[in-house]
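Undergrad: Quick one: sequence plus predicted model below, questions after.
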Amino acid sequence: MKELISKADVLLEALPYLQRFRNQTFVVKYGGSFMDSTDPEVRSGVARDVVFLEAAGINPVVVHGGGKAITRAMEVSGTKANFIQGQRVTDEATVKVVDQVLSNQINPEVVATIKSLGGFAKGFAGTEIFTCRKLWLTGPAGEQIDIGFVGEVIAVNTAPLLECISQGITPVISPTALGEDGHVYNCNADVAAAQTAIALKAKRLVFMSDVPGLMRNPKDESTLISHLRTGEVADLKKAGIVDKGMIPKVDSAVAAIKSGVDKVSFIDGRVQHSMLLEVFTNSGIGTEVVL
Ligand SMILES: Nc1ncnc2c1ncn2[C@@H]1O[C@H](COP(=O)(O)OP(=O)(O)O)[C@@H](O)[C@H]1O
Ligand SMILES: CC(=O)N[C@@H](CCC(=O)OP(=O)(O)O)C(=O)O
């Protein structure tokens, strides 16, 4: 009996969160790193958590990445991937691979997994949702760096997303965008997710990756930063702690919070039900970024 009651306690711990988050929008960024896991349970576990959010009356919106799958597809066609400041250098041939992998392979896979678990989902190519301008990076001496067809999202077409939300369907969006010149551009999925969260006035933005969160030393899990204020980010960047794929993640987390998203979480998509633990329990996991 005691054991049964403790199960009810678990449900009751979730009650205030269920009450608080009902009808709120949560943007969930699926990182290409954890999606690349060879264990199929990892992908279906995250999708099951999305279905749980749906069933709990929360409106999940998924923006997915696929960086590792793109790199593999490039290797097959004999090209080597090159990243600058966490953004892929994307020439004309690369953007075709990016579009194919993200919008025609990964996107339908994510939609199918959510549906196979009893959820409701609809896929969108980023080009249907995001408009962008060409992104120029700034080098160490202040010089501009051209990385090709990489876009900076400047507008989010929220109408089809809101239509899905009103019908209880989870939109699943790939991180490509249409440029002002009509060309397809490659966008960092973390940035696309943050812009989506801002445009939809989301309550929460959850980045699911293949690390426990932001760590002072990425090789040592005991150095996890569980609580991060936006004001602390500049020093962490100066110290080189925010590096590679973490650069766009942390920058977009700060942008989302400054634009009204309550909390951004960095959690490990490989850990079973990490999203439920983060959203519905008192302790939470991973790194939480707040104002
Ligand atoms: N301080 C840090 N803490 C954790 N991870 C870091 C840190 N600095 C760099 N990283 C790297 O960032 C990666 C996550 O970003 P990214 O590769 O873009 O993943 P995703 O595809 O999940 O978005 C980690 O796998 C890790 O190698
Ligand atoms: C411009 C740019 O870098 N775009 C990313 C888009 C996919 C992505 O962001 O995937 P992850 O979330 O798995 O990193 C790329 O080409 O890898």
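TA: Yes, it's here. Ligands and ions are numbered 1, 2, ... in the order given.

Undergrad: next one: phi and psi at the nearest residue to residue 26 once chain neighbours are set aside?
TA: The shortest distance from residue 26 to any non-neighbouring residue, by CB to CB, 6 or more residues apart in numbering, is to residue 204 (4.7 Å). Heads up, the C-betas are built off the backbone N, CA and C, glycines and all. The phi/psi pair for residue 204 (degrees, to the nearest 10) reads phi -130, psi 150.

Undergrad: residue contacts, residue 204?
TA: By CB atoms under 8 Å, 6 or more residues apart in numbering, the contact set of residue 204 is 21, 24, 26, 27, 197, 261, 262, 263, 264, 265, 279.

Undergrad: For it, list each beta-bridge partner.
TA: Residue 204 has the following beta-bridge partners by DSSP bridges: residue 26, residue 263.

Undergrad: got the residues of this protein near ligand 2?
TA: Taking CB under 6 Å from any ligand atom as the measure of proximity, the chain contacts ligand 2 at 31-33, 65-67, 70, 87-88, 98, 150, 175, 186-189, 245.

Undergrad: Which of the residues you listed fall in helices?
TA: 32, 33, 67, 70, 98, 189 (DSSP state H).

Undergrad: If we ignore the residues flanking it in sequence, what's nearest the fourth one?
TA: Spelled out, that is residue 70. For residue 70, ignoring the flanking residues on the chain, the nearest one in space by CB to CB, 6+ apart is residue 101 at 5.0 Å.

Undergrad: following the longest strand seen in the chain, which helix or strand shows up next?
TA: Using DSSP state E, we find that the single longest strand of the chain is strand 144-156. Per DSSP states H and E, the first helix or strand lying C-terminal to strand 144-156 is helix 159-166.

Undergrad: Now do that next one: everything it contacts.
TA: 25, 59, 61, 122, 124, 128, 129, 170, 171, 173, 196, 200.

Undergrad: Pull the contacting residues for the third one.
TA: Residues touching residue 61, when contacts are defined by CB under 8 Å, 6+ apart, comprise 25-28, 161, 165, 170-171, 173, 196-197, 200, 202.

Undergrad: In CSV, list the residues you listed along with pLDDT, distance to residue 137 and neighbour count.
TA: What follows is these, written out as CSV (pLDDT from 0 to 100; distance: CB to CB, whole Å; neighbours: other CB atoms under 10 Å):
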residue, pLDDT, distance to residue 137, neighbour count
25, 98, 31, 21
26, 98, 30, 24
27, 98, 25, 30
28, 98, 27, 28
161, 98, 29, 24
165, 98, 34, 18
170, 98, 33, 28
171, 98, 29, 25
173, 98, 24, 29
196, 98, 22, 28
197, 98, 23, 31
200, 98, 27, 20
202, 98, 27, 25
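
Undergrad: Which residues of the stretch 51-200 of the chain lie near ligand 1?
TA: 65, 67, 190.

Undergrad: just those now: which is nearest ligand 2?
TA: Distance to ligand 2, by CB to the nearest ligand atom, is smallest for residue 65 among these, at 2.0 Å.

Undergrad: Pretty sure the closest one sits against residue 175.
TA: Yes: applying CB atoms under 8 Å, one finds residue 65 in contact with residue 175, separated by 6.5 Å.

Undergrad: So for the two, which residue has more residues nearby?
TA: residue 175 (33 against 28; other CB atoms under 10 Å).

Undergrad: May I have stretch 151-170 exported as CSV, CA atoms only?
TA: C-alpha atoms of stretch 151-170 as CSV (Å, rounded to 0.1, in the frame of the first residue of the first chain):
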residue,chain,number,x,y,z
GLY,A,151,20.5,32.6,-42.5
GLU,A,152,19.6,34.7,-39.4
VAL,A,153,15.9,34.3,-38.8
ILE,A,154,14.1,37.6,-39.0
ALA,A,155,10.5,36.6,-39.1
VAL,A,156,8.4,33.6,-38.0
ASN,A,157,5.1,32.8,-39.8
THR,A,158,3.1,32.0,-36.7
ALA,A,159,-0.3,31.5,-38.4
PRO,A,160,0.1,27.8,-39.3
LEU,A,161,1.7,27.1,-36.0
LEU,A,162,-1.2,28.7,-34.1
GLU,A,163,-3.6,26.8,-36.2
CYS,A,164,-2.0,23.5,-35.2
ILE,A,165,-1.9,24.6,-31.5
SER,A,166,-5.6,25.4,-31.6
GLN,A,167,-6.3,21.9,-32.8
GLY,A,168,-4.0,20.2,-30.3
ILE,A,169,-1.5,19.2,-32.9
THR,A,170,2.3,19.6,-32.3
